[in-house]
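sequence and predicted structure below; questions after.
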Amino acid sequence: MEKNAKIYVAGHRGLVGSAIVRKLKELGYTNIITRTHKELDLTDQKATREFFEKEKPEYVFLAAAKVGGILANNTYKAEFIYQNIMIAANVIEASYRYGVKKLLNLGSSCIYPKYAKQPLKEEYLLTGELEPTNEPYAIAKISAIKMCRYYNEQYGTNFISVMPTNLYGPNDNFNLETAHVLPALIRKFYLGKLLNEGNYEKIKENIKKYPIGFGLDKEIDENNNETIDKVLKQVGITKENITLWGTGEVYREFLYVDDMADACVYLMRNVDAEEMGKISPDYFVNIGAGKDITIKELAKMIKEIIGYQGEIIHDTTKPDGTPRKLLDVTRLNKLGWKYSVELDEGIRRIFEYLY
Ligand SMILES: NC(=O)C1=CN([C@@H]2O[C@H](COP(=O)(O)OP(=O)(O)OC[C@H]3O[C@@H](n4cnc5c(N)ncnc54)[C@H](OP(=O)(O)O)[C@@H]3O)[C@@H](O)[C@H]2O)C=CC1
Ligand SMILES: C[C@H]1O[C@H](OP(=O)(O)OP(=O)(O)OC[C@H]2O[C@@H](n3cnc4c(=O)[nH]c(N)nc43)[C@H](O)[C@@H]2O)[C@@H](O)[C@@H](O)C1=O
């Protein structure tokens, strides 16, 4: 990928897309094209084709998607399946139609069967039932992987896919209703610590910056701290305790998004579909750290790093999701890439970035 190659990063304002843009700029790439969702709705086939026809990107990172944590996935199932199928189908088809040299498609570790053997090897795809809380999203992601494969096979395109584990970092979603667990817990423990300290000024600043979700933001009266206490209590944040969703006994693996972007750019530069197809018939590779922890352990780690004084309790009416999804990263390591940011270090970085 030459330094002046025309590179389209779809979803450039999101967690992953923004990290890919940072990485590309750091490496000296100068011709990066972007469009916000408002400027180009990738679920619109005509608009997507017109964009590709006009811009003729040479390389495409497909990091645009409808994304969310367990509750969002479980609640907005129709939106997750429709939007993700449409975005992927339109971008992959337009990339073929307008001669993109190489495309990297972002999938997710949720494509694997709920009870697959651990760690998850690439060949376990479609060997069992999916986790119901994110089946619609997973089906869309699997369709995108298969599209890339069959376009390579029928048309000789150079499309590869990556299956990342749970990611976190700058530009994440911190809305407590729709966020993933790690950004949600960082925010919950931070707001809990501010309650410990009685620091309502900082709480107000935080609430202004990021929505709380659950339709609760409009209930907050800035001149009345009691309304703040009431809303925070409803989302499981008090001086005395922080509420986690589910049992906390399930395992998750986490990767800092700058590592993820580094892996994506590395694969774009170094591993073509031909090589990928030799080691992986569906032309994809897992991206992760290869180690996981329970949600309880994660919560304890975040609590200690932030310095919240209180207990951790559980709301078991909320779903646990899949019991474990630890990625086997042997293939990725063999391709020459390994993660670098440890979880505690990543959490510290995010905490500093945010507050
Ligand atoms: N976050 C995670 O833990 C994981 C993410 N992934 C995958 O990584 C990819 C990126 O996820 P992430 O960065 O977290 O997601 P974000 O929600 O942070 O970003 C998604 C981006 O997609 C754009 N977008 C959404 N819908 C459309 C649309 N219809 N048309 C155009 N643009 C659209 C948004 O644009 P705008 O900002 O303009 O609204 C946004 O920039 C996704 O494929 C996701 O499935 C995989 C595993 C884990
Ligand atoms: C990346 C991945 O992300 C999603 O899958 P998930 O890993 O199950 O999602 P999650 O990060 O939201 O939760 C992980 C675990 O954590 C628990 N948990 C505790 N307390 C909070 C909490 O406060 N918020 C959230 N969100 N979870 C909490 C929660 O109950 C669950 O047991 C899918 O979108 C899927 O499609 C996907 O690809």
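Structure's in. What do you need? Ligands and ions are numbered 1, 2, ... in the order given.

how much space between the residue of the chain found nearest ligand 1 and Thr247?
Among the residues of the chain, Gly14 lies nearest to ligand 1; the distance is 2.0 Å by CB to the nearest ligand atom. Where you see a C-beta, it was placed from the backbone N, CA and C, and this is true even at glycine. Note on Gly14: its distance to Thr247, by CB to CB, to the nearest Å, is 30 Å.

same thing with Phe189?
19 Å.

so between those two, which is more surrounded?
Phe189 (23 against 15; other CB atoms under 10 Å).

that one: which element?
helix 181-197 (DSSP states H and E).

ok so, going back, what is the neighbour count of the residue of the chain closest to ligand 1?
Using other CB under 10 Å, Gly14 has 21 neighbouring residues.

which phi and psi does it have?
The phi/psi pair for Gly14 (degrees, to the nearest 10) reads phi -80, psi -180.

which element follows the strand or helix carrying Glu135 toward the C-terminus?
Element membership of Glu135 [criterion: DSSP H and E] is helix 135-155. The helix or strand immediately downstream of helix 135-155 is strand 159-164, counting by DSSP H and E.

which ones are touching the one residue in the stretch 1-150 of the chain that gets nearest to ligand 2?
Closest residue of the stretch 1-150 of the chain to ligand 2, CB to the nearest ligand atom: Gly69 (2.8 Å). By CB atoms under 8 Å, 6 or more residues apart in numbering, the contact set of Gly69 is 173, 178-181, 184.

contacts with ligand 2 among the residues you listed, please.
When contact is defined as CB under 6 Å from any ligand atom, the contacts of Gly69 meet ligand 2 at 179-181, 184.

and those, which two are furthest apart?
Farthest pair in the ones next to ligand 2 among the contacts of Gly69 (CB to CB) is Ala179 and Val181. Separation: 7.7 Å.

after the host helix or strand of Asn206, next one along is what?
According to DSSP H and E, Asn206 maps onto helix 200-209. Once the chain leaves helix 200-209, the next helix or strand it forms, by DSSP H and E, is helix 225-234.

and that following helix, what's buried?
228-229, 231-232 (16 or more other CB atoms under 10 Å).

one more: stretch 124-138?
Neighbour-count burial for stretch 124-138 flags 124-125, 130-131, 133-138 (criterion: 16+ other CB under 10 Å).

switch these over to TSV; also include distance to ligand 1.
Output for those, formatted as TSV (distance: CB to the nearest ligand atom, whole Å):
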residue	distance to ligand 1
Tyr124	17
Leu125	15
Leu130	15
Glu131	13
Thr133	14
Asn134	10
Glu135	14
Pro136	12
Tyr137	7
Ala138	10
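
which of the residues you listed sits closest to Tyr283?
Distance to Tyr283 across the buried residues of stretch 124-138 (CB to CB) is lowest for Leu125, with 11.4 Å.

what sits against the closest one?
Contact analysis of Leu125 by CB under 8 Å, 6+ apart lists 111-112, 142, 145, 282.

please pick the buried ones from the residues you listed.
Neighbour counting with 16+ other CB under 10 Å marks 111-112, 142, 145, 282 as buried within the contacts of Leu125.

and the residues you listed, which is closest to Glu342?
Glu342 has its nearest neighbour among the buried ones among the contacts of Leu125 in Tyr112, at 24.2 Å by CB to CB.

leaving out chain neighbours, which residue sits closest to the closest one?
Nearest residue to Tyr112, sequence neighbours excluded (CB to CB, 6 or more residues apart in numbering): Leu120, at 4.7 Å.

and the one you found, how far is that from Phe284?
12 Å.

cool, and Lys291?
Distance of Lys291 to Phe284, computed by CB to CB: 21 Å.

higher neighbour count, those two?
Phe284 (26 against 15).

still on that earlier bit, in the ones next to ligand 2 among the contacts of Gly69, which residue is surrounded by the most others?
Using other CB under 10 Å as the neighbour test, these are led by Ala184, with 26 neighbours.

who's in contact with that one?
69, 174, 176.

then Asp262?
Contacts for Asp262 (CB under 8 Å, 6+ apart) come out as 23, 337, 340.

then Tyr8?
The neighbours of Tyr8, taking CB under 8 Å, 6+ apart as the test, are 32-34, 55, 57, 59-61.

among those, which one has the most neighbours?
In terms of neighbours by other CB under 10 Å, the contacts of Tyr8 top out with Phe61 at 28 neighbours.

returning to that earlier point: Throw the contacts of Asp262 into a markdown table and include neighbour count, thanks.
A markdown table is the format used below for the contacts of Asp262 (neighbours: other CB atoms under 10 Å):
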| residue | neighbour count |
| --- | --- |
| Lys23 | 19 |
| Trp337 | 20 |
| Ser340 | 11 |
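
out of the residues you listed, which are inside helices?
Among these, the members found in helices (DSSP state H) are Lys23.

ok, which of the contacts of Asp262 also contact ligand 2?
Answer for the contacts of Asp262 near ligand 2: none qualify (CB under 6 Å from any ligand atom).

save the contacts of Asp262 as CSV, and put in pLDDT and distance to Asn4 too.
Formatted as CSV, those follow (pLDDT from 0 to 100; distance: CB to CB, whole Å):
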residue, pLDDT, distance to Asn4
Lys23, 98, 17
Trp337, 97, 25
Ser340, 97, 28
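
on that earlier part again, which of the buried residues of stretch 124-138 lies closest to Glu304?
For the buried residues of stretch 124-138, the nearest to Glu304 is Thr133 (28.6 Å; CB to CB).

much appreciated, bye for now.
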